[in-house]
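Enquirer: model this:
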Amino acid sequence: MSDVENFDTPTMARIERGIRVIADGPRLALHGDLDIDTAPVLLDVVFARLADCGRHGMARLEIDCARLDFCDSSGLAALLLARQRSEEAGVGLSLRRQPEHLRHLLELTGIRALFPPEHPPDSP
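Expert: Below is the predicted model of the structure:
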């Protein structure tokens, strides 16, 4: 994907208080815990990526959750805010490779439909 190379910050990593967020173009990878201490880290990176998506005409932002060890209500709130801001920016947001604990949390809170486990590559 050639647009990724044109991002203002093509690759960045934030490592803070128990979470590592690695951004590579329109893809983020989460490693660690997403909780009250680390949710702001995720939001900082998501908001920066959304700005880049808008400047470069990218239609989707993907968050890879395969290495997400834990997510509490603050982490869930951050994911909801990220989704809201993505919609406002006209950028689709998907949570890829959701671990069972995240799928269970999404189900318990009644918001699983907002974050389906996978999207076909060509869907908006």
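
Enquirer: going forward, measure contacts and count neighbours with C-alpha atoms only.
Expert: Will do.

Enquirer: Longest strand in the protein, please.
Expert: Longest strand in the chain by number of residues (criterion: DSSP state E): strand 60-71.

Enquirer: Within its sheet, name the partner strands of it and how each one runs.
Expert: If you go by DSSP bridges, strand 60-71 pairs up with strand 27-34 (parallel), strand 92-96 (parallel).

Enquirer: so can I have TSV of those strands showing mean neighbour count, mean pLDDT and distance to residue 71?
Expert: Output for those, formatted as TSV (neighbours: other Cα atoms under 10 Å; pLDDT from 0 to 100; distance: least, Cα to Cα, whole Å):
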stretch	mean neighbour count	mean pLDDT	distance to residue 71
strand 27-34	21	92	5
strand 92-96	22	95	13
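
Enquirer: Go through those and name the closest to residue 57.
Expert: strand 92-96 (11.9 Å; Cα to Cα).

Enquirer: So what touches the closest one?
Expert: Residues from elsewhere that reach strand 92-96, judged by Cα atoms under 8 Å, 6 or more residues apart in numbering: 59-66, 83, 86-87, 115-119, 124.

Enquirer: Apply 6 Å and report the result again.
Expert: Strand 92-96 has contacts (Cα atoms under 6 Å, 6 or more residues apart in numbering) with 60, 61, 62, 63, 64, 65, 118.

Enquirer: For residue 40, see how far away residue 110 is.
Expert: 23 Å (Cα to Cα, to the nearest Å).

Enquirer: now this structure, which segments are flagged as low pLDDT?
Expert: 1-18, 118-124 (pLDDT under 70).

Enquirer: all helices of it, in order?
Expert: In the chain, the helices defined using DSSP state H lie at 2-5, 39-56, 73-89, 100-108.

Enquirer: Which residues belonging to the second one are considered buried?
Expert: Judged by neighbour count using 16 or more other Cα atoms under 10 Å, the buried positions of helix 39-56 are 39, 40, 41, 42, 43, 45, 46, 49, 50, 51, 52, 53.
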